[in-house]
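**Q** Test case, fold it:
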Amino acid sequence: MALRAELAGRHLGDWSGSRKKVSTSYQDMCDALHEVRAQAGKVTSAHHYATEAKLINWVLFGRFEAVERDDLEQADLALMERAEARNAVLIAMGRSYDERKAMLPGFLASIGAKRGRITQ
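**A** Have a look, this model is predicted:
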């Protein structure tokens, strides 16, 4: 929560620019998932992408469900972009879903710690 408040207080540019960035980070996350699964000889279906989106939503908002990204504030979009980018890296590193689920909340907490804030 403190990290969201800090990001809300900073000038983040226009909302549409933030929305485009989060769209790109989502696509990068999906591309990483597709590539890793393809290298393992697995097919990636729509539910695999939805599961990743729900994981990010859980990390940010505490619930495994769809979130309307167009309704998010810039601070939330900025956090989502960072979480999706980190998730893409972890996917590319071969981390399992359960490992990523355990690691991503700590990553967001570390962002706040680097800024001298306590999150949640």
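**Q** just checking, what packs against the longest helix along the chain?
**A** With DSSP state H setting the assignment, residue counts place helix 15-39 as the longest helix in the chain. Contacts defined by 3 or more CB pairs under 8 Å, 6 or more residues apart in numbering; DSSP states H and E place helix 15-39 against helix 46-61, helix 74-92. Every residue, glycine included, has its C-beta placed from N, CA and C.
**Q** will you turn those into JSON lines that also has distance to residue 104, mean neighbour count and mean pLDDT?
**A** Listed next are the helices and strands packed on helix 15-39 as JSON lines, based on distance: least, CB to CB, whole Å; neighbours: other CB atoms under 10 Å; pLDDT from 0 to 100:
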{"stretch": "helix 46-61", "distance to residue 104": "5", "mean neighbour count": "16", "mean pLDDT": "96"}
{"stretch": "helix 74-92", "distance to residue 104": "6", "mean neighbour count": "21", "mean pLDDT": "95"}
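**Q** Columns distance to residue 110 on top of these, output as CSV?
**A** Compiled in CSV, the helices and strands packed on helix 15-39 are given as follows (distance: least, CB to CB, whole Å):
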stretch, distance to residue 110
helix 46-61, 13
helix 74-92, 10
